[in-house]
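*Asks:* kindly return the folded structure for what I paste below:
(one chain, ligands or ions: 1)
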Amino acid sequence: HSVYGIDKWGKDLIVVTDKGEVGLKNPLNPKAPAVSLPDILSDLEDRGIQSPMVLRVSSYLESEIKHINECFAEAITRVGYSGVYRGVFPIKVNQQAQVVDRIVQFGKPYNYGLEAGSKPELVIALAHRLAWDALIVCNGVKDPEFISLAILSRKIGFNTVIVLESPKEVDTVIEVYKELGVEPLLGVRVKLTNQITGKWEESSGDRSTFGMNTDQLVSVIDKLRDAGLLHCLKLQHSHLGSQVPDVNDVRRAVSEACRYYTELTREGVPLTHLDLGGGLGVDYTGEKSATENSINYTMREYCTNVVETVKYAMDAAEIDHPTLVTESGRAVVATSSMLLFNVLEATLYDAPTAPKPEPDDHHLITDLLAISEYVTADRLQECWNDASFYRNEMRALFHRGYVSLREMARAERIYLHIMARIKHHAAFDDISVPEDQMIRLSDIYHCNFSLFQSLPDVWAIDQLHPMLPLQMLDQAPDRYAVLSDITCDSDGKIDKFILEDGVARALPVHTLPEDKPYYMGVFFVGAYQETLGDLHNLFGDTNVVTIELREDGGFDLLHEQEGDTISEVMSYVEFDPQDCVAEFRKMVDEAISSGALKSKERKILMSAYRDSINGYTYYE
Ligand code: PLP
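*Replies:* The predicted structure is shown next:
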């Protein structure tokens, strides 16, 4: 199983058990034995909960929240920082009630708050009883209704900060304040000029769409001062972009943010909070490097760098150390969810045997068969070239009508058999096959999930998530596959995988067992994936199960959210399921009248339609 690099990316959460199965370790209780994921799946299946499913492990969420708060607290003590940390969770990263509710619950001891980037998110935030010193930070574009709600929420004890995104927003805030007669708690978003590397480069620097430049900041200060509201401006916000790969980019950005903080303070703004946004990354590949799907730092190091940089800057400017705020989303929730699905069938890209020569074989078939004699480790590329040439010549003749279907089938089979032998050598003689060939040699494993619904970033931005089979890991994988999803879209496939030696274009897998299911797991999908997913081909939300890992190595089922039924997804696209049933019934009755259908068949046909409409959108 070492081929999957689980020791690198598993973070002591995802391990392989003695039975060769993927197991979940409990970070809150490292001595407890790992819980086997296939056991969890079969237990859930016994309870009537089927895959594909998102499995949320609440123990992982709890542990990440504890970890970020403790890392900041430790850094604050170590560095001698005199302020505190008041993190907020950005709701947009995972808006599901089961996640947000638990984050609030686990965050209470740390005065952990919420970030809302829109009015709906603010409405969600305000439905939670936060700790007395926790913040609600409001970012994004705000209309007067949003602003009134934020201001008035202070009356019932919320520390709701309205982060001003533009000079125009200041005018709206002043107007709403005048109407309500209640003072707002304000923040201001500055646009940092330092640019980060990685996928979210565009979110930072001069051309980022959010935040104000120095000229705009000055005008905001003047407007607030004129309105008698400058004393309400307490927080400075900046956001670098998500998944910052290089910790030195964090340092540079924090340093720049401190320059603004210092200058704003000198302007007479009574700032008390420095909010550094998101960006704390997740090491998806386990490479510990400043590359797109990895990071070259740990959470502890991130916290130390932030605290140290702010302390030095504030000390140099002789300003009180501010309360530190971060809006880390990805790092808090990514590890807590995984997508689990079964493989439905395989399209194998080889043939175990080649047909025997026949006296009247086409000479190209004889040439193809002859390659079999020199498939040796040192001549693999040559065999590949020859086999492809002869097979393509045969195809050309077939297209023009000179070769029959049966002759073509013989040629394809011989070709695939040669490919099987090339693959075998490549795997067992450890000969590296070029990437593009690797993908053309691999099988296609058809899997019961929708890439567009459950892993949208894999499709949209080439996000890599660790993934591997959940069982048989005590046996060497004997095939390579790309994973194709259940949608009818050729984009619905995964062909980049994190392996021990780096990223590969095919995943080592086992020949599918005949007598039992073969499950795959995709890990660290808790951030962004659930909400960005769409209804391509009308595959809806999967079942979602929240569990907690017990001390004895078992688990407790905390919550089950049934996936969308077909009738639910129909209503999302404006169909009324009842109308559809009625229309279908009419056509059935017409068919009976015309004699095409027997009366007895009506019942079976109607219940088939109804069962489908009430059932799961995935393969059952
Ligand atoms: N805060 C703001 C303003 C954001 O736009 C984002 C997301 O990009 C976040 C926080 C969360 O970032 P991350 O998930 O990298 O922690």
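
*Asks:* when you work out contacts or count neighbours from here on, use the C-alpha atoms and nothing else.
*Replies:* Will do.

*Asks:* show me what from the protein comes close to the ligand.
*Replies:* Contact residues (Cα under 6 Å from any ligand atom) of the chain with the ligand: 90, 239, 241-243, 277-280, 327-330.

*Asks:* need those in JSON lines (columns: neighbour count and secondary structure).
*Replies:* JSON lines is the format used below for these (neighbours: other Cα atoms under 10 Å; DSSP: H, G, I helix; E, B strand; the rest coil):
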{"residue": "90", "neighbour count": "28", "secondary structure": "strand"}
{"residue": "239", "neighbour count": "24", "secondary structure": "coil"}
{"residue": "241", "neighbour count": "22", "secondary structure": "coil"}
{"residue": "242", "neighbour count": "23", "secondary structure": "coil"}
{"residue": "243", "neighbour count": "27", "secondary structure": "coil"}
{"residue": "277", "neighbour count": "23", "secondary structure": "coil"}
{"residue": "278", "neighbour count": "23", "secondary structure": "coil"}
{"residue": "279", "neighbour count": "22", "secondary structure": "coil"}
{"residue": "280", "neighbour count": "27", "secondary structure": "coil"}
{"residue": "327", "neighbour count": "26", "secondary structure": "coil"}
{"residue": "328", "neighbour count": "23", "secondary structure": "coil"}
{"residue": "329", "neighbour count": "26", "secondary structure": "coil"}
{"residue": "330", "neighbour count": "24", "secondary structure": "helix"}
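
*Asks:* and the next helix or strand past whichever strand or helix holds residue 396?
*Replies:* Assessed by DSSP states H and E, residue 396 sits inside helix 380-400. Downstream of helix 380-400, the first helix or strand assigned by DSSP H and E is helix 405-428.

*Asks:* what separates the next helix or strand after that next one from the chain centre, distance-wise?
*Replies:* Remark: after helix 405-428, the chain's next helix or strand is helix 435-441, criterion DSSP H and E. Offset of helix 435-441 from its chain centre (Cα atoms, centre = their mean, to the nearest Å): 26 Å.

*Asks:* helix 435-441 - contacts with which helices or strands?
*Replies:* Of the remaining helices and strands, none touches helix 435-441 by 3 or more Cα pairs under 8 Å, 6 or more residues apart in numbering; DSSP states H and E.

*Asks:* keeping just the C-alphas, turn the helix or strand following that helix into PDB.
*Replies:* Using DSSP H and E, the next helix or strand after helix 435-441 towards the C-terminus is strand 443-447. Taking C-alpha atoms only, strand 443-447 is exported to PDB below (Å, rounded to 0.1, in the frame of the first residue of the first chain):
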ATOM      1  CA  ASP A 443      -8.100   0.600 -17.500                       C
ATOM      2  CA  ILE A 444     -11.200   2.700 -16.900                       C
ATOM      3  CA  TYR A 445     -12.900   2.000 -13.600                       C
ATOM      4  CA  HIS A 446     -16.500   3.200 -13.700                       C
ATOM      5  CA  CYS A 447     -17.500   4.600 -10.400                       C
END
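
*Asks:* the host helix or strand of residue 250 packs against which elements?
*Replies:* Using DSSP H and E, the element containing residue 250 is helix 247-266. Secondary-structure packing of helix 247-266 (3+ Cα pairs under 8 Å, 6+ apart): helix 299-317.

*Asks:* so for the helix it packs on, what gets flagged as buried?
*Replies:* 299, 302-314, 317 (16 or more other Cα atoms under 10 Å).

*Asks:* pick the one among these closest to residue 477.
*Replies:* residue 299 (34.0 Å; Cα to Cα).

*Asks:* could you find the closest non-adjacent residue to residue 410?
*Replies:* Counting by Cα to Cα, 6 or more residues apart in numbering, residue 355 is the residue found nearest to residue 410 once chain neighbours are left out, at 6.9 Å.

*Asks:* I figured that neighbour was touching residue 412, is that so?
*Replies:* No - applying Cα atoms under 8 Å, one finds residue 355 not in contact with residue 412, separated by 10.3 Å.

*Asks:* now do the SS call for the residue positioned nearest the centre of the chain.
*Replies:* Closest to where the C-alpha atoms of the chain average out (Cα atoms, centre = their mean) is residue 525, at 3.5 Å. Three-state call for residue 525 (DSSP: H, G, I helix; E, B strand; the rest coil): coil.

*Asks:* can you give me the strands in the stretch 51-200 of the chain?
*Replies:* Under the criterion DSSP state E, counting those that start in this stretch, the stretch 51-200 of the chain contains strands at 53-57, 88-90, 113-116, 135-138, 159-164, 185-189.

*Asks:* can you add mean pLDDT and give the ones you listed back as a markdown table?
*Replies:* Listed next are the strands of the stretch 51-200 of the chain as a markdown table, based on pLDDT from 0 to 100:
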| stretch | mean pLDDT |
| --- | --- |
| strand 53-57 | 98 |
| strand 88-90 | 98 |
| strand 113-116 | 98 |
| strand 135-138 | 98 |
| strand 159-164 | 98 |
| strand 185-189 | 98 |
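
*Asks:* residue of the stretch 451-600 of the chain closest to the ligand, please.
*Replies:* residue 527 (7.1 Å; Cα to the nearest ligand atom).

*Asks:* and that residue, what does it touch?
*Replies:* Going by Cα atoms under 8 Å, 6 or more residues apart in numbering, residue 527 touches 93-94, 329-330, 333-334.
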